[in-house]
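K.L.:
With the sequence up front, the predicted model follows.
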Amino acid sequence: MKKSDFIVIGSGIAGLNFALEASKYGKVTLLTKKDMMESNTNYAQGGIAAVLGAHDSYESHIEDTLKAGCYHNDVEAVKFLVEEGPKMIKKLLDLGTPFEEKNGVLKLTREGGHSCRRVAYSGDATGHAIEKTLVEKVRNHKNISVLEQTIATDLIVKGNKCHGVQYLEGKKIKEVYGKAVILATGGAGQLFKKTTNPDIATGDGMAMAYRAGAKLEDLEFVQFHPTALNKQGAPPFLISEAVRGEGGQLKNSKGETFMHDYHEMKELAPRDIVARAIAKEAQNGEVSLDISHEDPEIIKTRFPTIYNKLLEYGIDMTKQAIPVLPAAHYMCGGVKVNLKGETSIKNLYAFGEVSRTGVHGANRLASNSLLESIVFSNQVLEVIKSLEDKIEIVKTHKPKYVEFDAAETKKEIQAAMWNYAGLIRNEKGLKTAIKELNIIKKNLPEGVNQELIEAKNMVDTGMLVAKAALKRKRSLGCHFREDDKK
Ligand code: FAD
Ligand code: SIN
């Protein structure tokens, strides 16, 4: 059995940033279920928002965040996010993140819901630039021991206190104990059939926290990104909101723009509004995103990842419109934490997408997620203040390894969530989702293997989402109930 001062689960921006900060004060063990780079962070495209421009202000970023979140946000958390923002961009720059600059001044792009250019970026692969920078610092750090290809299976909790983590190594459950356990496991886009998220996003942290008895909140607010690629045989690859920020227009099957009918900010309206507008227009035929009127060289330089990916599927975005539809993208809710990242369980902290800080309210403002992840995970000194000296070992049950192929089960969960708890919801559908998830859960065997753990976590997190969505009868932000009669 291992011991460490800090145990971090996850190697996205939140886990890596926390690990780096904490390594100044003690030994860190970082577990991550694939290789270190694999995370939602690594695929983030548009950028990271902060008050950086000469004509911007904290008040404006705060107001845009609250407005996108339908004022369901926690104002204190939003203020903290916004006021810490510029410092965190400087930190990332100092660590070596290659944000784009001109004559020493950061270039800024625009995205939905922002009233000005506020988003620092690195081409259309900002997340990769950040992830690579942080991974390089964490790898081979003398105070950080990294366990890759290692999935955390459950939290070790006794008397509302977290003591450590169980994880799967080969075919054995092992344990690591520590003074503080940090959930930085990211989101749960994989709950849905169509998602922009990579395979790792199976809601593990939310499910583990739930099983341990922690409080979770706002899980009904699942954000669907408006523009994922919609082409037979291709994955729903994200087409960044920055494409609209740089002049891309949404068009219906007749080739006409339509966003003016839905919102005064047109293509740059908050995400939930654009996503539902696209879904509505798609009832009459294909919806597409067109930036082909811009200079081809500018498109290729500004969006190289998207341009090259689309070419693989026979689409040249400099010459033609891109077929798009919404796909599950981001969890606004999660494990409830305060400004210090403390959960309702002692010694258990949550940072990044797994957490519910109150920043996003009912709908996240574009590019506020990377910011939230780094701002809140930087609170290491707050964590240290409440650490106890001793590491306590407790008696646990260790589940056995079983052979079971859970691939089909995962697909069943994704279908139930997509069909009945997706972008447009109603009571009957949500009850069906819960019923189907219950049946799936009953048929899952005892024991563990990587796929099975993920399937169990998807059922648990999916159930929490569906139940929260059923409970909230009125539409708000990205939770839309078509049976809300107003
Ligand atoms: P992640 O980066 O997802 O990291 C989670 C880590 O936990 C991973 O390493 C994972 O392997 C590990 N993990 C999970 N479960 C376990 C387990 N059981 N055991 C061990 N390890 C585990 N946000 C923005 O602000 N701007 C953007 O431009 C932007 N673009 C995006 C584009 C895409 C395609 C996607 C998918 C998201 C985008 N987002 C963007 C959202 C943003 O990327 C994420 O919300 C953010 O990166 C979350 O960081 P994180 O550290 O919390 O989690
Ligand atoms: C995007 O580039 O459109 C994603 C931005 C985000 O999720 O904040």
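P.N.:
Happy to help now that I have it. This one's a predicted model, so the numbers in the text were calculated from it and none came from an experiment. Numbering: from 1, shown residues only. Ligands and ions are numbered 1, 2, ... in the order given.
K.L.:
Close to ligand 1: what parts of the stretch 251-400 of the chain are there?
P.N.:
With C-beta under 6 Å from any ligand atom as the criterion, the stretch 251-400 of the chain meets ligand 1 at residues 330, 352, 353, 354, 367, 368, 369, 370, 373. Using the backbone N, CA and C atoms, a C-beta is placed for each residue, glycine as well.
K.L.:
In contact with the fifth one: list those residues for me.
P.N.:
What it means is residue 367. By C-beta atoms under 8 Å, 6 or more residues apart in numbering, residue 367 lies in contact with 46, 47, 48, 49, 111, 114, 118, 119.
K.L.:
And for the third one, the neighbour number?
P.N.:
Residue crowding around residue 48 was assessed by other C-beta atoms under 10 Å; the count is 30.
K.L.:
Verify the stated contact: it with residue 370.
P.N.:
Yes. Using C-beta atoms under 8 Å as the test, residue 48 is close enough to residue 370 to be in contact (4.3 Å).
K.L.:
Is residue 163 located within a helix, as I assumed?
P.N.:
No. If the criterion is DSSP: H, G, I helix; E, B strand; the rest coil, then residue 163 is strand and not within a helix.
K.L.:
Burial check on residue 445, number of neighbours?
P.N.:
Other residues close to residue 445 by other C-beta under 10 Å number 12.
K.L.:
Ramachandran angles for it?
P.N.:
Residue 445 has phi and psi values of phi -70, psi 160 when expressed as degrees, to the nearest 10.
K.L.:
picking up where we left off before, any residues in contact with both of residue 48 and residue 370?
P.N.:
Common neighbours of residue 48 and residue 370 are listed as 126, 130 (criterion: C-beta under 8 Å, 6+ apart).
K.L.:
what subset of the contacts of residue 367 is also close to ligand 2?
P.N.:
When contact is defined as C-beta under 6 Å from any ligand atom, the contacts of residue 367 meet ligand 2 at residue 46.
K.L.:
Show me which pair in the contacts of residue 367 is furthest apart.
P.N.:
The largest distance within the contacts of residue 367, taken as C-beta to C-beta, falls between 48 and 114 and amounts to 12.2 Å.
K.L.:
Tell me how far residue 245 lies from residue 328.
P.N.:
22 Å (C-beta to C-beta, to the nearest Å).
K.L.:
and if you look at residue 196?
P.N.:
Taken as C-beta to C-beta, the spacing of residue 196 relative to residue 328 amounts to 7 Å.
K.L.:
Just give me the closest of the residues of the stretch 251-400 of the chain next to ligand 1 to ligand 2.
P.N.:
residue 367 (4.3 Å; C-beta to the nearest ligand atom).
K.L.:
Helices of the chain, residue ranges please.
P.N.:
Read by DSSP state H, the chain holds these helices, from start to end of the chain: 13-22, 58-68, 75-95, 126-138, 204-212, 241-245, 271-281, 296-302, 304-312, 369-377, 380-385, 407-420, 427-442, 450-471.
K.L.:
Make TSV from those and add mean pLDDT to it.
P.N.:
Rendered in TSV, the data for those read as follows (pLDDT from 0 to 100):
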stretch	mean pLDDT
helix 13-22	98
helix 58-68	97
helix 75-95	98
helix 126-138	98
helix 204-212	98
helix 241-245	94
helix 271-281	96
helix 296-302	96
helix 304-312	97
helix 369-377	98
helix 380-385	92
helix 407-420	98
helix 427-442	98
helix 450-471	98
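K.L.:
Make JSON lines out of the ones you listed and add distance to residue 347 and mean neighbour count.
P.N.:
Putting the helices of the chain into JSON lines (distance: least, C-beta to C-beta, whole Å; neighbours: other C-beta atoms under 10 Å) gives the following:
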{"stretch": "helix 13-22", "distance to residue 347": "14", "mean neighbour count": "28"}
{"stretch": "helix 58-68", "distance to residue 347": "30", "mean neighbour count": "19"}
{"stretch": "helix 75-95", "distance to residue 347": "22", "mean neighbour count": "18"}
{"stretch": "helix 126-138", "distance to residue 347": "22", "mean neighbour count": "21"}
{"stretch": "helix 204-212", "distance to residue 347": "11", "mean neighbour count": "25"}
{"stretch": "helix 241-245", "distance to residue 347": "38", "mean neighbour count": "26"}
{"stretch": "helix 271-281", "distance to residue 347": "35", "mean neighbour count": "23"}
{"stretch": "helix 296-302", "distance to residue 347": "45", "mean neighbour count": "15"}
{"stretch": "helix 304-312", "distance to residue 347": "40", "mean neighbour count": "16"}
{"stretch": "helix 369-377", "distance to residue 347": "16", "mean neighbour count": "29"}
{"stretch": "helix 380-385", "distance to residue 347": "9", "mean neighbour count": "16"}
{"stretch": "helix 407-420", "distance to residue 347": "31", "mean neighbour count": "18"}
{"stretch": "helix 427-442", "distance to residue 347": "29", "mean neighbour count": "17"}
{"stretch": "helix 450-471", "distance to residue 347": "21", "mean neighbour count": "23"}
